[in-house]
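[1] Fold the following, please.
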Amino acid sequence: MRTEMLTFSQYKAHPPRSRARYLNDHMDGDTDLKGEFCKKALRWETDSIARWYLIRAIGILKIKAAIPHLIKICLEPEVKFKGSSLHLITAWSLGKIGENAIDLLLSALKHCKVAENQKCLVDALGEIRNPRAIDALKMAFENMDQQVKLWAALSLSKIGKASLDVLYNMFFNTRKIKERIVILDAIDKIGDCGSREFLKKILLEGSEQEVYYILTKCTRLFDQSFYEPLLLITKRQDIENRKLAKRMLKGLPFGSDSL
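    Next comes the predicted model:
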């Protein structure tokens with residue numbers, strides 16, 4: 001049962017734990033907190049847990065006027081909680097608000113120099129899931145810190161099929177195996193059947209690590225057209241990949257018991 005609504009003045013008079021508890025009481029799948037209250041309280045609030053709840057409420061309410069302040073929080077030092085953080089909930093809320101946040105996010109990312117903050121901005125762009133962010137996310141992957149690369153690839157996967165051609169180009173433009181695996185993971189997360197030709201090419205021409213990743217992570221996209229690449233792997237790849245390919249051939253409808 002939700003507690004009685006407080007005015008902002010009444011809210012300010014409570015200690016931090018009481019404020020956080022009050023906010024939690026007024027949020028479940030939705031919230032009955034008012035937008036003006038949330039904006040005013042977030043500008044004033046210093047307690048990290050209370051701020052987390054206010055940021056979440058702003059996302060639920062889709063308050064466009066709060067976008068600049070949410071981006072400001074992205075540019076502040078991270079505060080982590082068990083299973084979440086201020087940056088994670090801020091990215092989620094910006095995603096809920098949607099396309100209206102894209103231009104300010106792109107501008108902030110262009111000028112941001114701190115990896116921790118870049119990660120939040122990149123995450124928010126992925127949460128919005130708009131193809132307008134693809135080029136900026138590609139730049140983030142190519143030019144930023146390793147932890148930002150991971151989130152840039154994840155954000156591209158959230159945008160989905162529209163990111164695939166860029167992800168293919170990113171894969172072939174790097175020789176770093178860790179980066180290639182991260183890109184393969186993003187392609188796998190999208191899970192589009194249009195990736196089959198790309199995956200078959202990597203099975204035929206890729207490194208042992210890349211082949212192993214596809215054989216263990218991307219098999220939901222396999223169909224009869226993978227028969228030849230799998231058969232070739234059983235003849236010329238390392239022992240572990242040969243075993244995986246043989247097992248897969250036997251398990252699929254077109255498999256051969258003689259392998």
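
[2] List the buried residues for stretch 83-101?
    85-97, 101 (16 or more other CB atoms under 10 Å). Every C-beta, even on glycine, is put in place using the N, C-alpha and C of the backbone.

[3] Give me the number of neighbouring residues for Glu127.
    22 (other CB atoms under 10 Å).

[4] and of the buried residues of stretch 83-101, the nearest to Lys161?
    Gly95 (18.4 Å; CB to CB).

[5] Skipping adjacent residues, who's closest to that closest one in space?
    Counting by CB to CB, 6 or more residues apart in numbering, the nearest residue to Gly95 once its immediate chain neighbours are dropped is Glu127, at 2.5 Å.

[6] same check, this time on Gln209
    Counting by CB to CB, 6+ apart, the residue nearest Gln209 is Ile177, at 5.5 Å.

[7] Is that neighbour in contact with Glu210, as I believe?
    Yes: the pair Ile177 / Glu210 is scored as a contact, 7.4 Å apart, by CB atoms under 8 Å.

[8] Show me which of those two is the more surrounded one.
    Neighbours per residue (other CB under 10 Å) separate Ile177 from Glu210, with Glu210 holding more: 19 against 14.

[9] how near is the residue nearest to the more buried one when sequence neighbours are not counted to Glu208?
    In this structure, Glu210 finds its nearest non-sequential neighbour in Ile202, 5.4 Å apart by CB to CB, 6+ apart. Counting by CB to CB, to the nearest Å, the separation of Ile202 from Glu208 is 11 Å.

[10] can you check Lys82 too?
    Counting by CB to CB, the gap from Lys82 to Glu208 is 38 Å.

[11] In terms of neighbours, single out the busier of the two.
    Each of Lys82 and Glu208 has its neighbours counted (other CB under 10 Å); Glu208 has more, 13 against 5.

[12] Next, give phi and psi for that one.
    Here is the backbone geometry of Glu208 (degrees, to the nearest 10): phi -60, psi -40.

[13] Which residue comes closest to it once chain neighbours are left out?
    Asp238 (5.0 Å).

[14] Can you show me the strands along the stretch 151-259 of the chain?
    For the stretch 151-259 of the chain, no strands are identified by DSSP state E, counting those that start in this stretch.

[15] tell me the contacts of Arg220?
    Going by CB atoms under 8 Å, 6 or more residues apart in numbering, Arg220 touches Gly191.

[16] redo that, cut-off 6 Å
    For Arg220, no contacting residues are found, by CB atoms under 6 Å, 6 or more residues apart in numbering.

[17] what about the residue nearest to Leu6 when sequence neighbours are not counted, which helix or strand?
    Leaving aside its sequence neighbours, Leu6 sits nearest to Tyr22 (CB to CB, 6+ apart; 6.4 Å). Element membership for Tyr22, per DSSP states H and E: helix 16-25.

[18] Leu137: how many residues sit nearby?
    With other CB under 10 Å as criterion, Leu137 counts 27.

[19] Can you find the helix or strand in this protein with the smallest mean pLDDT?
    helix 239-251 (a mean of 90; mean pLDDT, DSSP states H and E).

[20] how about that helix: buried residues?
    Asn241, Leu244, Ala245, Lys246, Met248, Leu249.

[21] Could you do stretch 44-55 as well?
    Here stretch 44-55 shows Glu45, Ile49, Ala50, Arg51, Trp52, Tyr53, Leu54, Ile55 as buried, counting by 16+ other CB under 10 Å.

[22] got the CA coordinates for that stretch in CSV?
    Extracted in CSV, the C-alpha atoms of stretch 44-55 (Å, rounded to 0.1, in the frame of the first residue of the first chain):
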residue,chain,number,x,y,z
TRP,A,44,18.0,19.0,-4.9
GLU,A,45,18.7,15.4,-3.8
THR,A,46,22.2,14.3,-2.7
ASP,A,47,21.4,10.8,-1.4
SER,A,48,22.4,8.2,-4.1
ILE,A,49,19.7,5.7,-3.3
ALA,A,50,16.9,8.4,-3.4
ARG,A,51,18.4,9.7,-6.6
TRP,A,52,18.2,6.2,-8.1
TYR,A,53,14.5,6.1,-7.4
LEU,A,54,13.9,9.6,-8.8
ILE,A,55,15.7,8.8,-12.0
